[in-house]
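Q: Turn this into a structure:
(2 chains)
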Amino acid sequence: MEQSWLLFILAGALGLFAAGALAALLFAGNAFISRQFAYGCSLLANAALIAGGILGLSGETLTATLFRGIFAFTDILLRINALSAFFLLVIGVVGLITTIYAIGYVSEYGRRKSIPLLHAGLPVFLLAMAGVVTAGNIFTFLVFWEIMSVVSYFLVVYEHERSEAQKAGMIYVVMTHLGTLFLTIAFFILQHYSGSFEFQQMGQTPLPKPAQSLVFIFALLGFGTKAGLVPLHVWLPRAHPSAPSHISAFMSGVMIKTAVYGFLLVTMQLLQPGPLWWGIATVIIGANTALFGVLHALGEIDQKRMLAYSSIENMGLIFMGIGTALIFLAGRQPLPASLALIAVLYHVANHALFKSLLFMGTGAILMVSHTKNMNLLGGLIRRMPWTALFMLVGSLAIAAMPPMNGFVSEWLLFQSLFTLGFSSHSIGMYLFGVLMIAVLALVGALVAFLFIRFFSMTFLALPRSDKAEQAVEAPLSMRIGMGLLTGGCIVLGILPFVLSGSVQSAAEALTGTSSALSYAITAGTISSGSSKAAVGVAGLLILSGGFVAWALTRAIGRKTVITRGETWACGGTLLPPMTYTASGFSKPIRVTFHLLLKPSRRLVADKDPQTPYFVRGYSYSSRIPLLVEDLLYKPVMSILVAGAQLFRRIQNGIVQSYLLYLLATLVIILVWAIGRQP
Amino acid sequence: MSEIYWEMGQVVFLILIAPLVTGMVRKAKALLQGRQGPRLLQPYYDLYKYMHKDSVVSVEASWIFTAAPFVVFGATLTAAALVPAFVRSSLFSFTGDLVLLVYLFALARFFMAMAGVDTGSSFGAQGASRDLFVSSLAEPVLFVTLLVTALPAGTTNLSGIVAHLTGKEWAITPAYFMMLVAFVILVVTETGRIPVDNPDTHLELTMIHEGPVLEYSGKPLALLLWSAWIKQVLLFALLADLSFPWGFAASAGGWSPFGSLLGFFLKLVVVSLIMAGVEMSNAKMRLFKVPRLLTAALVLSLFALTTEFLL
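A: Below is the predicted model of the structure:
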């Protein structure tokens, strides 16, 4: 009974998304009706996704054919298990809230002619993501995967009049198709050995060892491109910031998570446990990505690019967790593997919440101040008090500060790496675990630096430009959207058991064991007592500690009289140019990591022509080069271009020579065919 | 049941003794420099004085500036309940471990840094930036160093680690010395002492931790200073836990609580003297040389881990 409901709900949600998009285009002449249909349908469909996700978590694996294709393998086949239900839940929750936010945000684009396209893009994007995580065969997966990529491409180039957006879109579309190419290869190797196009059957047949590793490598490349793993990340810091902010929130918060789903699906459900190096490679790539992402984020002054780099960093952490799970699975240790997967999935949900929240906040700032440059902002906490509060919670959460949700998943990741260290019997693995903990700690501390910088330079001190000075609070629907996500970050931090059940059933779908958390408690890595309540207790403790502090200030001495005075500025008046900028704030990092970042700076003094001793002003610019692009992609590109130049010579536009080519080809084929005859 | 009273007493003791420890370090430094120095109890008088003063708040400051001292104190107080000092277990050991401890310090730093920027003062932002820089590099080293004891114990719970250390047949291993040197470097870094930072200066070129505090006055200042001192005593206690892991009171066959209290106090005196000695025998180093010092600590910890595994 429940099972048929689930598929009904899912099909209904997909249908609603499609209907919303169609209606938005059909009524394109009337922006108002178009908007009502697109967002109304999206809201309903997302609610259905949430319901479907909750139902699906507890259930068995279900499959149903939505449409029959011309060939058997082109059926649109849906499949739900606990893992896909978990991702459905994440998509539904973030989708619902982002839709609410978008209602206010799209008014920013109010006078554009193409606004119905933007309205229609949102439900199609959601439809594709929900389709990817519920696909039951290769065809369905790839179809939805491509829809997702193409729709997001159009959304990235929505502001197509900017050359920056065009370039971002171009790089994105090339990279994402490269990724799809790898995926297609991986899937067809799987199909070749299992003889089936359906995921359900693929999981049953073990592959020969070399083929298995080949599938793993192609899946890592294919999904790694979507996830933004270094060095396949080049599209991400360009494409995510170019899209309208609510779409950026989706791309960073949810779309790249479909790569996590796909990677888990292939490596843990479709393949049998593989050799140890899979896990080690994944952890190293993840650690490298995390460190790279956060260091580049610290070099950015554009808010949305900074957040995009931070998404790369978070995907790095997630892949570190997946790699840890793969290491344990290779050693046939499903319990600690499950613990690592719980960390991964918890982080997937957390990152979906706080990254979309942060993108929404920068969207709000962009909308009212028309700038993303942190050096030009400042002092917004007085002009946008609500947005500031939401961004503070988002920053605390992403920096993994207790008692926010980020801390829970960071702590679980620590624990799984710790288990890796202490449960191993080889010195290599032991030191590997320790080093990875060190990387995690370094990344964690740098992320805290990054988001203190983000919050302080945007919201605190004095406004450093007119743009910051004219800012006003964001519209209500955007504040509601951000407020809901803020609430989510706090609830998942203080009451982790809200989510831990769902996470556990999703991890169970991958490893077949359900007692990872209790395992960790008995193994002693997690403190005794109720681990589920643990972090929540920490939140209460900090609150009560703050209360003690307040009580102390009340109890001792008389009531404080607070005088407002000016900030000490060495005897002068404090002016905005005297305050710290985002560039200056992260300077120590640029200096220390100059070997990795290779920053360059230019300081030009505008001297008085009469005398060299008086300087009228300085202009300063600093730049962090895109080393991966320069060293890896540019050479490949130039080889490709050189090759193309070579072929251009034979394409000379003269019909006669083309006929000659035809004749020559024919002759060569005939000679070859005759030569092959016995 | 009496266990829990002692655990509560431990937290109260740590909080109350924190100013005295600062006084001891200052006095020892002064004596080593041939000065008479401030009185041993001067930090208590300072707190008392600040608590009775009014407060001046910058016109540019927002509610972050007002809230920060409470968050900092709250986080530090929670951290105090996680560290075993003279009783083997700590009050909140059921909920927290060393990861939580490190992140509570990070939470305090988060708000301190924001408050530093909030007034618009360049000193505050400069101090915040430097503090974050140094601590981002110190945090991985701190984790690795703590792992030297946590990995053999098989737990990240501090009470568990201390139980493991006290339970083991006492043998001074090479790992012990390397870990100790690394941990002293970290304590020096985290408490803002020479050669990393100078706690006695307000010169803008050298100031790290003092920068964000600069605009505070009155009761909020008292809270912030006290928090910093509590953090210092917690790190000293950790150092004492790791370097002299004996003399803990425990329900099953430990010292009597009063005896171990006295023992802990003596350990604090020794650690304070070591710190004063380190500060006296070094010069402040350039900010961008700090990473080298921390790298040295990291390498020492990694060696310690390797020998711990092999021996």
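
Q: Using the three-state scheme, assign residue A:558.
A: Counting by DSSP: H, G, I helix; E, B strand; the rest coil, the backbone at residue A:558 sits in coil.

Q: Shouldn't residue B:124 be within a helix?
A: Yes: with the criterion set as three-state DSSP, the secondary structure at residue B:124 is a helix.

Q: Could you double-check that it lies in contact with residue B:211?
A: Yes: applying Cβ atoms under 8 Å, one finds residue B:124 in contact with residue B:211, separated by 5.5 Å. (Each C-beta comes from the backbone N, C-alpha and C, glycine too.)

Q: With neighbour numbers in mind, choose between the two.
A: residue B:124 (33 against 25; other Cβ atoms under 10 Å in any protein chain shown).

Q: How about the contacts made by the closest residue to the more buried one other than its chain neighbours?
A: Nearest residue to residue B:124, sequence neighbours excluded (Cβ to Cβ, 6 or more residues apart in numbering or on different chains): residue B:116, at 3.4 Å. When contacts are counted by Cβ atoms under 8 Å, 6 or more residues apart in numbering or on different chains, residue B:116 touches B:123, B:124, B:125, B:127, B:128, B:211, B:212, B:213, B:214.

Q: quick one: furthest residue from the center of chain B?
A: Here chain B reaches farthest from its C-alpha mean at residue B:59, the gap being 32.5 Å by Cα atoms, centre = their mean.

Q: Now for the closest residue to it other than its chain neighbours: which residues touch it?
A: Distances taken as Cβ to Cβ, 6+ apart place residue A:564 nearest to residue B:59, at 5.0 Å, with adjacent residues excluded. Shown in contact with residue A:564 (Cβ under 8 Å, 6+ apart): B:56, B:57, B:58, B:59.

Q: For chain B, just list every one of the helices.
A: In chain B, the helices defined using DSSP state H lie at B:2-32, B:42-51, B:63-80, B:98-118, B:122-153, B:158-167, B:174-190, B:210-213, B:218-243, B:257-280, B:290-310.

Q: now for the second one, which elements pack on it?
A: Read that as helix B:42-51. For helix B:42-51, the packing partners by 3 or more Cβ pairs under 8 Å, 6 or more residues apart in numbering or on different chains; DSSP states H and E come out as helix B:2-32, helix B:218-243.

Q: Ok, which of those comes nearest chain A?
A: helix B:218-243 (4.4 Å; Cβ to the nearest Cβ).

Q: most centrally placed residue in chain A?
A: For chain A, the residue nearest the mean C-alpha position is residue A:252 (3.5 Å; Cα atoms, centre = their mean).

Q: how many neighbours does the closest residue to that residue other than its chain neighbours have?
A: Nearest non-adjacent residue to residue A:252, counting by Cβ to Cβ, 6+ apart: residue A:311, 4.3 Å away. Residue A:311: 27 surrounding residues under other Cβ under 10 Å.

Q: Was I right to think residue A:311 contacts residue A:293?
A: Yes: the criterion here is Cβ under 8 Å, and residue A:311 meets it with residue A:293 at 7.5 Å.

Q: Can you work out which residues contact both of the two?
A: The contact lists of residue A:311 and residue A:293 share residue A:228, where a contact means Cβ under 8 Å, 6+ apart.

Q: Whichever of the contacts of residue A:564 end up buried, select them in ChimeraX.
A: Buried subset of the contacts of residue A:564, written as a ChimeraX selection, criterion 16 or more other Cβ atoms under 10 Å in any protein chain shown:
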select /B:57,58
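
Q: ok, of the contacts of residue A:564, which one's closest to residue B:293?
A: Nearest to residue B:293 among the contacts of residue A:564, counting by Cβ to Cβ, is residue B:58 at 34.4 Å.

Q: got the CA positions of stretch A:123-141 in PDB?
A: Only the C-alpha atoms of stretch A:123-141 are listed here, as PDB (Å, rounded to 0.1, in the frame of the first residue of the first chain):
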ATOM      1  CA  PRO A 123      11.300  23.500 -12.100                       C
ATOM      2  CA  VAL A 124      13.100  21.800 -15.000                       C
ATOM      3  CA  PHE A 125      16.400  21.900 -13.100                       C
ATOM      4  CA  LEU A 126      14.700  20.400 -10.000                       C
ATOM      5  CA  LEU A 127      12.900  17.800 -12.200                       C
ATOM      6  CA  ALA A 128      16.300  16.700 -13.600                       C
ATOM      7  CA  MET A 129      18.000  16.400 -10.200                       C
ATOM      8  CA  ALA A 130      15.100  14.400  -8.700                       C
ATOM      9  CA  GLY A 131      15.300  12.200 -11.800                       C
ATOM     10  CA  VAL A 132      19.000  11.600 -11.500                       C
ATOM     11  CA  VAL A 133      18.800  10.300  -8.000                       C
ATOM     12  CA  THR A 134      15.800   8.100  -8.700                       C
ATOM     13  CA  ALA A 135      17.000   6.700 -12.100                       C
ATOM     14  CA  GLY A 136      16.700   2.900 -12.400                       C
ATOM     15  CA  ASN A 137      18.700   2.300 -15.600                       C
ATOM     16  CA  ILE A 138      21.500   3.800 -17.600                       C
ATOM     17  CA  PHE A 139      19.300   5.500 -20.100                       C
ATOM     18  CA  THR A 140      17.200   7.300 -17.500                       C
ATOM     19  CA  PHE A 141      20.200   8.300 -15.500                       C
END
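
Q: Thanks a lot, catch you later.
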